[in-house]
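Enquirer: Sequence and computational prediction follow.
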Amino acid sequence: MNRFRNRSLPFFLAVVVLAACGGQDEDGPQLGAVQQDVAVAPQGTATTLDIANWNLEWWGDPNNGPTNETLQQSNVHDAIAGTDFDIWGLEEVVSNAAFNNLKAQLPGYTGFVSNDAVVTGGSASYSSTEQKVAILYKTSIASLVSARIILTANDFDFAGRPPMEVTLDVTLNGVTERRVFIVLHMKAFNDTASWQRRANASAALKSYLDSTYPSQKVFVIGDWNDDLDTSITPGQPSPYANFVADTARYGFPTRSLTSSTSSTTCNNPDPVDHQLTTNEQFAELVPGSVQVYRLDAQIASYCTTTTDHFPVLARYQVKGAAPAKVILNEILANEPGSSTAGEFVEIVNTGGTAVDIGGWQLWDATAMRHTFAAGTTLAAGKAIAVFASATAIPAGTPNAIGSSTGALSLANGGDTVSIRNAAGTVVDSFTYPASLAAQDGVSMNRNPDATAGASFVLHNTISTLASSPGKHANGAAF
């Protein structure tokens, strides 16, 4: 949504136009068979992951946005088909019927709107008549793992449009990797109250990403309705300064648009449509690939017939999944109570591929304490907690097993824990001091959690939990 324009004024849609496009149902206008009327120059490549986000200005709403629904939908079809990008995050989609008809006219693409039945919580958060977010993707590139609405507790700050999170398995160049795509549409307008809501939404989003995806490849794409250096609200910093400042964890590929003052809309000077990625994904950005695709040079009267936003494009390399990397992540040497059966060691695979750990062993300083059963696989990004005894595993603890020897024998006064592969090579090791085993029932954990090479600290200094076997430090699932 254009941040300055008043959207409450309805537009008149001629009856003859509706008749020409086959009438209108309760979800909005339908579009018949589409012919390629506009030749849009392709921008995607066969070897890169090509990501676009685009606000479609009241797509499928006959009372708002461009007045000629048939022409708007035809132009959008031609733009997406011609640009030839792999994945599109779309905003201001009103009509599910119009979206589904567009999808039907784009062979090789599939996708859904945020209130689709496939989206967990979608229908509870989005009605059939309001602006929604959506995703389109090539079936040759991506397959759906899950979709859900997130941050619903912050619905007001997200202007009644909580983000849609879509997890896809992406296959390119012979490599399959899991990626997370979050499509959002932030609060519009440049008044102080709207700025505050964007800032609140940004804080909630960052807290969610920090805790939920500490090491995954994540995209957040859409209409952010503000810029990255200073805000469109006079006298205010960017509401996304929290992300901009955290360069160790995040990057805005579209920051280059801010630096070059490349507007993403027809009527205002600032870039307000952006792509944010976690650092793991940002490292794969193709240099120089970010652009505002000025379709007004190819589509006649674009800003009045199609939408008041331009697509934002970026391309990413697919280097292949990182190899498996197994680390010690959490150690409980001082068991809760007096039964040493409650001691545990948690290992995590922080790499990008699964690894067979059958025959691998856990040792303390003096002896082998556990051997993993043949065929045991540790998937990428997953954890296994080994307790001294299976009888001590708390109810509901995921990814937990009992040690093969029935004891771990971890000394409270300090000890060395190591994990060795089937050949006997030490994969990871940590010698802990008595200070990390001084509190009854409090484990030691990597900080940041699940990060190779990170220091160990007392678990209760980074979480409200005393320990989190089989889970992230904050209690979230691996």
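Expert: Sure, I can see it.

Enquirer: how about stretch 249-267: buried residues?
Expert: Across stretch 249-267, burial judged by 16 or more other C-beta atoms under 10 Å covers 249-258, 262-266. Where C-beta positions appear, they are placed from N, C-alpha and C, glycine not excepted.

Enquirer: Show me these that map onto helices.
Expert: Judged by DSSP state H, helices contain the following of the buried residues of stretch 249-267: 255, 256, 257, 258.

Enquirer: helix or strand for residue 281, which one?
Expert: Per DSSP states H and E, residue 281 falls inside helix 279-282.

Enquirer: Residues touching that helix, excluding its own?
Expert: Outside helix 279-282, the residues that touch it by C-beta atoms under 8 Å, 6 or more residues apart in numbering are 179, 215-219, 247-251, 253, 316.

Enquirer: what residues go with each domain of this protein?
Expert: Using automatic domain parsing, the domains assigned to the chain come out as 15-317, 326-461.

Enquirer: quick one: average pLDDT of the last one?
Expert: Taken as a whole, domain 326-461 carries a mean pLDDT of 96.

Enquirer: How is residue 101 assigned, secondary-structure-wise?
Expert: What DSSP: H, G, I helix; E, B strand; the rest coil gives for residue 101 is helix.

Enquirer: State the pLDDT value of it.
Expert: 95.

Enquirer: okay, now it: neighbour count?
Expert: Look at residue 101: counted by other C-beta atoms under 10 Å, it has 23 neighbours.

Enquirer: ok, now which ones touch residue 454?
Expert: Per C-beta under 8 Å, 6+ apart, neighbours of residue 454: 446, 447, 448.

Enquirer: Now it. Nearest residue, chain neighbours left out?
Expert: The spatially closest residue to residue 454, leaving aside those adjacent along the chain, is residue 446, at 4.3 Å (C-beta to C-beta, 6 or more residues apart in numbering).

Enquirer: thought residue 159 was touching residue 193?
Expert: No - Residue 159 lies out of contact with residue 193 (C-beta atoms under 8 Å); the separation is 11.3 Å.

Enquirer: The two: which has the busier surroundings?
Expert: Counted by other C-beta under 10 Å, residue 159 and residue 193 do not tie: residue 159 has more neighbours, with 19 against 9.

Enquirer: State the mean pLDDT of the helix or strand hosting residue 73.
Expert: Taking DSSP H and E as the criterion, the element that holds residue 73 is helix 69-83. Mean per-residue pLDDT for helix 69-83: 96.

Enquirer: list the contacts for residue 269?
Expert: 261, 263.

Enquirer: So it: helix, strand or coil?
Expert: Once three-state DSSP is applied, residue 269 turns out coil.

Enquirer: Could you measure from it over to residue 227?
Expert: Residue 269 is 9 Å from residue 227, where distance means C-beta to C-beta, to the nearest Å.

Enquirer: for this protein, what spans make up the helices?
Expert: Using DSSP H, helices in the chain cover 15-20, 69-83, 96-104, 122-125, 192-212, 241-245, 255-259, 279-282, 302-305.

Enquirer: returning to that earlier point: closest one of the ones in helices among the buried residues of stretch 249-267 to residue 432?
Expert: residue 255 (40.9 Å; C-beta to C-beta).

Enquirer: Tell me the pLDDT of that closest one.
Expert: 97.

Enquirer: Same question for residue 32.
Expert: For residue 32, pLDDT reads 45.

Enquirer: do the one 5 residues further on as well
Expert: Per-residue confidence for residue 37 comes out at a pLDDT of 78.

Enquirer: mind listing what it touches?
Expert: By C-beta under 8 Å, 6+ apart, the neighbours of residue 37 are 74, 75, 78.

Enquirer: Neighbours of the last one, how many?
Expert: If I follow you right, that is residue 78. 21.

Enquirer: Leaving out the residues flanking it, which one is nearest to it?
Expert: According to C-beta to C-beta, 6+ apart, the nearest residue to residue 78 is residue 38 (4.1 Å).

Enquirer: wait, what's in contact with that neighbour?
Expert: Counted by C-beta under 8 Å, 6+ apart, residue 38 has contacts 74, 75, 78, 79, 82, 298, 299.

Enquirer: could you measure it against residue 301, distance?
Expert: For residue 38, the distance to residue 301 - C-beta to C-beta - is 12 Å.

Enquirer: and the residue of the chain positioned farthest from its centre, backbone torsions?
Expert: Ranked by distance from the centre of the chain (C-alpha atoms, centre = their mean), the top residue is residue 366, with 43.6 Å. When read as degrees, to the nearest 10, the backbone of residue 366 gives phi -120, psi -20.

Enquirer: wait, what's in contact with the nearest residue to it once chain neighbours are set aside?
Expert: Once flanking residues are discounted, residue 366 sits nearest to residue 409: 7.6 Å by C-beta to C-beta, 6+ apart. By C-beta under 8 Å, 6+ apart, the contact set of residue 409 is 340, 343, 364, 366, 367, 369, 388.

Enquirer: Fine, thanks again, bye for now.
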